[in-house]
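Enquirer: how would this look folded up:
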Amino acid sequence: MHEPFLFQAPARLVDFMRQADQPGLINLAAGVPGLDALPFPALRAAAEQAFASEGAAMFAYHHPEGDHALRTLLAQRLAKRGVADAASDRIVTTTGCTQALAALLSVLVRPGEIVACEAPAYYGLLELIAEAGARVLPLPVNGAGLDLDATEAALERWKPKCLVVCTSLSNPSGATLTEAHRERLVGICRASGVRLIEDDIYAELLDSGAPKPCRAFDDGSTVSFVTSFSKTVSPGLRVGYCLAGTPELHDAFAARKCQLDLHSSVLSEVVLRTFLARDSLDPHLAWLRERNLRRRTLALEAIGRSFPPGTEVDAPWGGYMLWVRLPDWVYLAEVTRAARAAGVVFAGGSAFFAVPQGENRPAFQMRLNCARAAEPDLERGVEILGKIVSGLD
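Expert: You can find the predicted model right below:
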């Protein structure tokens, strides 16, 4: 494990997003769903009802912490997951989960201070940590998620300002912390005085349904909770939210959010609120979990048919991304070039690791998104990758 260090993010979020809608490619790279995954009829009905009931009010300024009625519904959903003190006045809506993470880091962290995170971690988070001028402390992930023994030792030694963890279907590893491990992680952070930022964005995509978050084992003194509806309802709505924690942190977060954009989109929040009030989310989630499972199965079977011996991939408990570990003789840059020439793009593993400047650590991993491409293209794209990787032996 490295000591905390300053680094440059190995990938740029803007570059991944630029290829999200690029035509002519089998896109297994950016972690975004296909259009057929969106509950468009239900969203259209919610939008029509919102226009009829709210009218011009959706196009005016509103409360900086977000739509009151929406925050009440969000608090009710959190309460069902065991967050006993969830309340609308403790929630701030955000423009997606990324804004929630960025605003929290800007409130909590000063340049040169330490932020701990998973290794591998979402490349967008690594970019935010680097932008904050923080020193990063990467913590190892195993099949059960964050290595809690290593985490406990590292937090006790280095006392970072915060630890950011995607607790369900972590991107890119796909790991999910068990309920017992969540409770232990909260205890570790509380004992070491480290604020835990829980990224819950994929929790509703677990095949078994959303579990208790870490925030259910805390009163806000240790855990900050962020999430969004980008992976479950619509990335285009850009609606997320934050349960920052203590009253003082809530106020600082709300002030920072207001400085960034005054408030998030009123139209998006009212449409989402209407969608939730019409009880459209849970039936959609049930359908979406089945869709994701079918697509993961197709991709896993294609990997088994076409990738070389020594390839490893853990079947996650839900979601739509696979973390593939290749044999160590594979030169991933060559695979990337050959795949692009064949019309297939994927996310190379090095994008998800922070490493000290000048360190040349080979990455033999790739993240495959199973949600965007049509199912025949998904199978064909994975098989093309497998043939390219196998041909390098």
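Enquirer: rest of the way, CA atoms for contacts and neighbours
Expert: Noted.
Enquirer: what's the offset of the longest helix belonging to the chain from the middle of its chain?
Expert: Ranked by number of residues, the top helix in the chain under DSSP state H is helix 281-306. Put simply, helix 281-306 sits 18 Å off its chain's centre (CA atoms, centre = their mean, to the nearest Å).
Enquirer: what's it packed up against?
Expert: Counting contacts by 3 or more CA pairs under 8 Å, 6 or more residues apart in numbering; DSSP states H and E, helix 281-306 packs against helix 375-391.
Enquirer: go with 10 Å
Expert: helix 266-277, strand 312-313, strand 321-325, strand 365-369, helix 375-391 (3 or more CA pairs under 10 Å, 6 or more residues apart in numbering; DSSP states H and E).
Enquirer: quick one, strands of this protein?
Expert: Assigned strands in the chain, in chain order: 26-28, 91-94, 114-119, 135-142, 145-146, 162-166, 195-199, 223-228, 240-243, 312-313, 321-325, 344-348, 365-369 (criterion: DSSP state E).
Enquirer: The fifth one pairs with which strands?
Expert: The one in question is strand 145-146. Strand 145-146 has the following strand partners under DSSP bridges: strand 135-142 (antiparallel).
Enquirer: Now do the partner strand, average pLDDT.
Expert: Here strand 135-142 scores 94 as its mean pLDDT.
Enquirer: Please apply the same query to stretch 114-127.
Expert: 95.
Enquirer: likewise stretch 257-268?
Expert: Average pLDDT, stretch 257-268: 93.
Enquirer: Pull up the distance across that stretch, start to finish.
Expert: Distance between the two ends of stretch 257-268: 17 Å, counting by CA to CA, to the nearest Å.
Enquirer: mind listing what's buried in it?
Expert: 257, 258, 262, 263, 264, 265, 266, 267, 268 (16 or more other CA atoms under 10 Å).
Enquirer: now that stretch, how far from the centre of its chain.
Expert: For stretch 257-268, the distance to the chain centre is 21 Å (CA atoms, centre = their mean).
Enquirer: Next: stretch 302-314.
Expert: That offset, for stretch 302-314, works out to 25 Å (CA atoms, centre = their mean).
Enquirer: List of residues touching that stretch?
Expert: Residues outside stretch 302-314 that contact it (CA atoms under 10 Å, 6 or more residues apart in numbering) are 143, 173-175, 296-297, 299-300, 322-328, 364-366, 378-393.
Enquirer: repeat for stretch 292-301
Expert: For stretch 292-301, the surrounding residues in contact (CA under 10 Å, 6+ apart) are 33, 37, 205-207, 288-290, 302-303, 305, 313-322, 324, 368-376, 378-383.
Enquirer: and it, what's its mean pLDDT?
Expert: Mean predicted lDDT for stretch 292-301 stands at 97.
Enquirer: ranges for the helices of the stretch 101-250 of the chain?
Expert: Assigned by DSSP state H, counting those that start in this stretch, the stretch 101-250 of the chain shows helices spanning 123-131, 148-158, 179-192, 247-261.
Enquirer: hang on, the earlier thing: closest to residue 103 out of the buried residues of stretch 257-268?
Expert: Closest approach to residue 103 among the buried residues of stretch 257-268 (CA to CA): residue 257, at 6.5 Å.
Enquirer: show me the contacts for that closest one.
Expert: 64-65, 92-95, 99-100, 102-104, 107, 251, 263-264.
Enquirer: now residue 44
Expert: Contacts for residue 44 were tallied using CA under 10 Å, 6+ apart; they are 50, 271, 275.
Enquirer: Check the gap between it and residue 36 for me.
Expert: Applying CA to CA to residue 44 and residue 36 gives a distance of 14 Å.
Enquirer: again, but for residue 94
Expert: Between residue 94 and residue 36 the computed distance is 25 Å (CA to CA).
Enquirer: More neighbours: which of these two?
Expert: Taking neighbours as other CA atoms under 10 Å, residue 94 and residue 36 compare with residue 94 leading, 30 against 11.
Enquirer: Pretty sure that one sits against residue 256.
Expert: No. Using CA atoms under 10 Å, residue 94 is not in contact with residue 256; the gap is 11.0 Å.
Enquirer: Now the common contact residues for the two.
Expert: Shared contacts of residue 94 and residue 256, defined by CA under 10 Å, 6+ apart, are found at residue 103.
Enquirer: if you skip the residues just before and after it, what's nearest to residue 68?
Expert: Spatially, and ignoring its direct neighbours in sequence, residue 68 is nearest to residue 88 (7.1 Å; CA to CA, 6 or more residues apart in numbering).
Enquirer: In contact with that neighbour, which residues?
Expert: Counting by CA under 10 Å, 6+ apart, residue 88 touches 65-76, 243.
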